[in-house]
Each structure stands twice: as C-alpha cells, then as structure tokens.
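>>> predicted model and sequence below, questions to follow.
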Amino acid sequence: MSFYEEYKQVKDFKFDSFFNQVTKYDIERVLAKERLSQEDFLALLSPVARNYLEEMAEKAHRLTVQNFGKVIFLYAPLYLANYCVNQCSYCGFNVKNGFKRDKLTLGQVEEEAKAIVDKGIKDLVVLTGESRKHSPVSYIKDSINILKDYFPSIAIEVYAMEEFEYGQLVEVGVDGLTIYQETYNEDVYDKVHIRGPKKNYRFRLDAPERGCKAGMRRVNIGPLLGLDDWRKEAFFAGLHANYLQNKYLDTEISLSLPRLRPHIGSFQPNSIVDDPALVQIILAYRLFLPRVGISLSTRECDELRDNLLPLGITKMSAESSTAVGGYAKDQGVNQFDISDDRTVTEVKDLLLARGYQPVFKDWEQI
C-alpha cells in the first residue's frame, strides 16, 4: 500500500459542501482538542477558520516550542545543473525555455562548496534540473563525495528516483530528500506537465516513500502553491506527511510551502495564495502535525518570513542562489526569483534578536 491508496479515498471529496457547513463553533471545538482528526484539519483550512488565525497562532506557537524549542535550522540550496527534459508549464527550467544551460564541473562544485561554507552554512540541499542524461546518478554521487568534506548534512532535490538509487546516494553521504508533488490534483498535474518523465504522477507521488525505505534520515514534501486550490493542496500534503510520519518512525518528515514565483516564461497561478492563506496553511499544519518540520525558503520576502517565525517554522534558507554557479561567480539563470536577499549573518542576527537560536549543524556523518 502507498499513499496513493489513501489519496484515492478522498480525492473526490465534496470540499465546497464541507466548507459551507463549517461554523465558528466547529473551529472552537477543534482548537480545544489535543489531537486532531483529518476532518478537524480540513476545518482549520476552511474560510471560517480565517477568523481564528490569532487563536490558532497562539496554540501553534506553544506546540512548536514544546516539540522543537526556540530553534531555527538554517540551510542553503546548491544548483549543480539546470538541464531539464521536462516541459512543465510553471517552471523556469522548462525544456522549451530558451536560455544557456549550465552544469558544474567537479572543480566548480568544490568552488561553490567553499563559497557557501564561508557564509557559515553547514546544511546543504543539492539540486539539478530533471535530466538523467546531464545529471546522472553517477554525477550526483561524484558531487556528493566532494561536498561531504564540507557539509555534515546533505539533502537532494532532484528528479524522482528508484529506491535502489536513493540507497546508493545514502551510501555516499546523502541523508535528506526533498521532493515536491507540485500538485496533488491528478487532472491539473497532467495538464501542467506537458511531456517528459515527470508526467508520471504516481511515480512522483511514491518517491518520498521510496526515499524513506532507502534510509533517508529526513524527507521533505509539499505542493507548489498556486497550481490548484490551496485548501485542497494543503489538505492532501498534510495527509501525505501524516501517512509518512506514522509509517516511517525513524524518518524526520517535514513540509515546505513554496508559492509560485516569477521566472522565465509566462505561466500564471491557477490559484492565488495570499499572505493570510499562507499563514492559515502553516497554522493548520502545525496544529494537525505537532512534530512535523515546516520549512520556509527565500521565495518569501524578509518581512513576511520574520513575521511567520513564531507560527510553526522550524527551518529557513538563507542567502540563497537558485542559479548554477550562483555563489562562487554569482552568475547564471535563476530557476525563480528570490525575495529575501539578506546575508546569513543578517538572518542569524535577526533570529537572535527574536529570541531564537540559529542552528547550523545538528547531524554528523559517521
């Protein structure tokens, strides 16, 4: 059994009918509970619940401090290559977008590593475009063998792999996997993934579980907010995280909340996810899943990221580049535009001023 079996049971749920029946008394009842059901979680994503964001925030903050303390883990992304064979309508790396593609040599990988380490970052997420030809597993392994001399914790955000391939990467030092479903709506998924191997909805949906089985210490999932109704997307992502957390007890499960950002191309969001909606999703995640990590990237502006800190965030990127070769030489085409361009030092100082402990390292490979 995989999460797809659970997804099929609720994919045709009458969400609008449910939301129309939620009352303020339902929200107050949910907020008084210690453990929430799937229906309670969905109620917290309802339009009525937006009137209770302050009450939700107070409880979310308490649960976060109780389970994680006042700490924020800091990380940075490293783009190895931007070659891609997929035609995804929402992505700047779309194979049809005409720009100069690039791929780091192993010497350049080390140059990027040194530039990132100099900023103080010790937790790295390695990314590539989705091209097995240009970024085969062997190339990723060779890169990891260089990077592990600089970073005690390395995650990957690459194309969906088979379980044995994830296992090979675990063997050379990868301990984390980030993979976004993009959208849980199968019909929308088929429409926005025009062609390429990524068009296989089920193979991508099951990738986080294959990572868990392969021995990943941490697995991070989430939808790309804006491709479909955000309430439904958040609900399915929460159920997915709950499924993985309950089935793979030795794996740290986390959720990310990437919103569509400007990039090469002209794709427009199908669903507008405003700031209050983002807040509501974070709070609903935390109340439903008190032990799940919640990550926030530099896609969001500095002021918003600062204000979201107490609501359940446990991990943030800092001084990020979404371009290949974006650290050592500050060049290349960005996958998407970032909004928070503060340095690692500035983010660290902000966290300390807010009473949080910035954590750069919590894991050591043996």
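That came in fine, so what should we check first?

>>> ok, and what's touching stretch 131-138?
Residues outside stretch 131-138 that contact it (C-beta atoms under 8 Å, 6 or more residues apart in numbering) are 80-81, 83-85, 101, 103, 128-129, 158-159, 161, 165, 168-169. In short, each C-beta sits where N, CA and C put it, glycine included.

>>> farthest pair in those residues?
Farthest-apart pair in those is Arg101 and Gln168; separation 25.3 Å (C-beta to C-beta).

>>> narrow the contacts of stretch 131-138 to those in helices?
Counting by DSSP state H, the contacts of stretch 131-138 place 165, 168-169 in helices.

>>> in CSV: these, plus neighbour count, pLDDT and distance to Glu319.
Shown next, in CSV, are the ones in helices among the contacts of stretch 131-138 (neighbours: other C-beta atoms under 10 Å; pLDDT from 0 to 100; distance: C-beta to C-beta, whole Å):
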residue, neighbour count, pLDDT, distance to Glu319
Glu165, 20, 98, 30
Gln168, 18, 98, 31
Leu169, 24, 98, 25
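
>>> with distance to Asn242 as extra columns, can I get those in TSV?
Listed next are the ones in helices among the contacts of stretch 131-138 as TSV, based on distance: C-beta to C-beta, whole Å:
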residue	distance to Asn242
Glu165	26
Gln168	29
Leu169	26
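
>>> specify which member of these is nearest to Gln365.
Using C-beta to C-beta, Leu169 is the member of the ones in helices among the contacts of stretch 131-138 that sits closest to Gln365, with 12.8 Å.

>>> ok, now which ones touch the closest one?
Taking C-beta under 8 Å, 6+ apart, we find Leu169 in contact with 137, 140-141, 144, 156, 161, 214.

>>> and of those residues, the nearest to Lys122?
For the contacts of Leu169, the nearest to Lys122 is Ile144 (15.0 Å; C-beta to C-beta).

>>> buried residues in the helix or strand where that closest one lies?
Element membership of Ile144, judged by DSSP states H and E, is helix 137-147. Judged by neighbour count (16 or more other C-beta atoms under 10 Å), helix 137-147 contains these buried residues: 137, 139-141, 143-144, 147.

>>> same check on stretch 174-186?
Buried residues in stretch 174-186, counted by 16+ other C-beta under 10 Å: 174-185.

>>> hmm, back to that, mean confidence for the helix holding Ile144?
The pLDDT scores in helix 137-147 average 98.

>>> next: stretch 272-290.
Rounded mean pLDDT across stretch 272-290 is 96.

>>> now that stretch: buried residues?
Neighbour counts using 16+ other C-beta under 10 Å place 273, 277-290 of stretch 272-290 among the buried residues.

>>> and the furthest pair within the residues you listed?
Largest separation among these by C-beta to C-beta: Val273 and Pro290, giving 23.5 Å.

>>> tally of neighbours for Pro197?
Using other C-beta atoms under 10 Å, Pro197 has 15 neighbouring residues.

>>> for it, list the residues it contacts.
Per C-beta under 8 Å, 6+ apart, neighbours of Pro197: 85-86, 130, 159, 203.

>>> before we move on, what about Tyr7?
Residues in contact with Tyr7 (C-beta under 8 Å, 6+ apart) are 184, 205, 236, 239-240.

>>> of those residues, which belong to strands?
Among these, no member falls in strands (DSSP state E).

>>> coming back round to it: pick out whichever of the contacts of Leu169 sits closest to Glu34.
Comparing the contacts of Leu169 against Glu34 with C-beta to C-beta places Ala214 closest, at 33.8 Å.

>>> residues contacting the closest residue to the closest one other than its chain neighbours?
Nearest residue to Ala214, sequence neighbours excluded (C-beta to C-beta, 6 or more residues apart in numbering): Tyr166, at 3.6 Å. Tyr166 makes contact with 174, 177, 210-211, 213-216, according to C-beta under 8 Å, 6+ apart.

>>> can I get those residues in TSV with secondary structure?
Putting the contacts of Tyr166 into TSV (DSSP: H, G, I helix; E, B strand; the rest coil) gives the following:
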residue	secondary structure
Val174	coil
Leu177	strand
Arg210	helix
Gly211	helix
Lys213	helix
Ala214	helix
Gly215	coil
Met216	coil
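
>>> so what does the longest strand that the chain contains touch, helix or strand wise?
Longest strand in the chain by number of residues (criterion: DSSP E): strand 71-79. Applying 3 or more C-beta pairs under 8 Å, 6 or more residues apart in numbering; DSSP states H and E, we find strand 71-79 packed against helix 106-117, strand 123-127, strand 315-317, helix 344-353, strand 357-359.

>>> what is the mean pLDDT for that strand?
For strand 71-79, the mean pLDDT works out to 96.

>>> sorry, back to before: redo the buried residues of stretch 174-186 as CSV? Include distance to Leu45 and pLDDT.
Shown next, in CSV, are the buried residues of stretch 174-186 (distance: C-beta to C-beta, whole Å; pLDDT from 0 to 100):
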residue, distance to Leu45, pLDDT
Val174, 33, 98
Asp175, 32, 97
Gly176, 27, 98
Leu177, 26, 98
Thr178, 23, 98
Ile179, 23, 98
Tyr180, 19, 97
Gln181, 17, 97
Glu182, 19, 96
Thr183, 16, 97
Tyr184, 14, 98
Asn185, 15, 97
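
>>> would you say Asn246 is within a strand?
No - counting by three-state DSSP, Asn246 falls outside a strand, being helix.

>>> what's the neighbour count on it?
Look at Asn246: counted by other C-beta under 10 Å, it has 9 neighbours.

>>> so what's it up against?
Shown in contact with Asn246 (C-beta under 8 Å, 6+ apart): no residues.

>>> please apply the same query to Phe3.
Counting by C-beta under 8 Å, 6+ apart, Phe3 has contacts 205-206, 209, 239-240, 243-244.

>>> then Ser295 would be within a strand, right?
Yes - assessed by three-state DSSP, Ser295 belongs to a strand.
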